[in-house]
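Trainee: Provided below are the primary sequence and the corresponding predicted coordinates.
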Amino acid sequence: MKFKHLLLIFSIFFFASTYSQLSKKHYIPPLTSGDNFGDQFIYISTPKNNNINYKITAVGRPDLTIYSGVVSNSTPVEQAVLDENGNIDIDNNTQLHINRTNLNGNKITDRGFIIEASDDIYVSIRVSSSFTNSNGPIHGGALVSKGNSALGTEFRLGGLYNEP
């Protein structure tokens, strides 16, 4: 009998953690690196078949356009990071990317994104390096948002050190 209760509790925690990336609200912090970023995209998807309205708001930058649209299981969204003129922003100083030489130990309050939706969505960020060879970018990276389930939780970041 105790085994059945233990199995039930384990199952509840297992299935709850598999959906922890689904949320109606996601917070994307600014990313930093020593290299310049090339392509910078926000990917939004959902397991739901119905249309879900979403909006992407730039943190601390009312001058930037709020992106909005509809996402569903069959129509995921790939949104490029845009500058204040609505152009694709791939330089060293974007709403998503801050070069580490510009940090200077200051608290950053005007970078990153808040992504809100009418139902549960997944959000990930994908970037590539501006350094290329004949095959394209030589390095890329990704960040997956945990949504509201991660608020108030500490995380550690793992990564690769890439020397030219």
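Mentor: Here it is on my side, so go on.
Trainee: Buried residues in the strand ranked longest in the chain, which are they?
Mentor: For the chain, the strand with the greatest residue count under DSSP state E is strand 113-129. Neighbour-count burial for strand 113-129 flags Phe113, Ile115, Ala117, Ile121, Tyr122, Val123, Ser124, Ile125, Val127, Ser128, Ser129 (criterion: 16 or more other Cβ atoms under 10 Å). (Glycine included, C-beta is placed from N, CA and C.)
Trainee: so where's the chain shaky on pLDDT?
Mentor: Applying pLDDT under 70 to the chain picks out residues 1-20, 34-36, 102, 129-140, 148-164.
Trainee: hmm, try it at 90
Mentor: 1-23, 26-41, 58-67, 80-114, 124-164 (pLDDT under 90).
Trainee: the helices in it, which residues?
Mentor: Counting by DSSP state H, the chain has helices at residues 2-18.
Trainee: just to revisit the earlier point, show me what the longest strand of the chain is packed against.
Mentor: Where contact means 3 or more Cβ pairs under 8 Å, 6 or more residues apart in numbering; DSSP states H and E, strand 113-129 is packed against strand 23-28, strand 37-45, strand 52-58, strand 136-137, strand 140-144.
Trainee: again, 7 Å this time
Mentor: strand 23-28, strand 37-45, strand 52-58, strand 140-144 (3 or more Cβ pairs under 7 Å, 6 or more residues apart in numbering; DSSP states H and E).
Trainee: As TSV, those strands with mean neighbour count would be great.
Mentor: As requested, those are exported to TSV (neighbours: other Cβ atoms under 10 Å):
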stretch	mean neighbour count
strand 23-28	19
strand 37-45	20
strand 52-58	19
strand 140-144	13
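Trainee: Same list (the ones you listed) but as CSV, adding distance to Gly86.
Mentor: Formatted as CSV, these follow (distance: least, Cβ to Cβ, whole Å):
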stretch, distance to Gly86
strand 23-28, 19
strand 37-45, 15
strand 52-58, 12
strand 140-144, 24
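Trainee: do you know which of those lies nearest Ser74?
Mentor: Across the helices and strands packed on strand 113-129, Ser74 has its closest neighbour in strand 37-45 (10.0 Å, Cβ to Cβ).
Trainee: That closest one: partners in the sheet, and parallel or antiparallel?
Mentor: strand 77-80 (antiparallel), strand 113-129 (antiparallel) (DSSP bridges).
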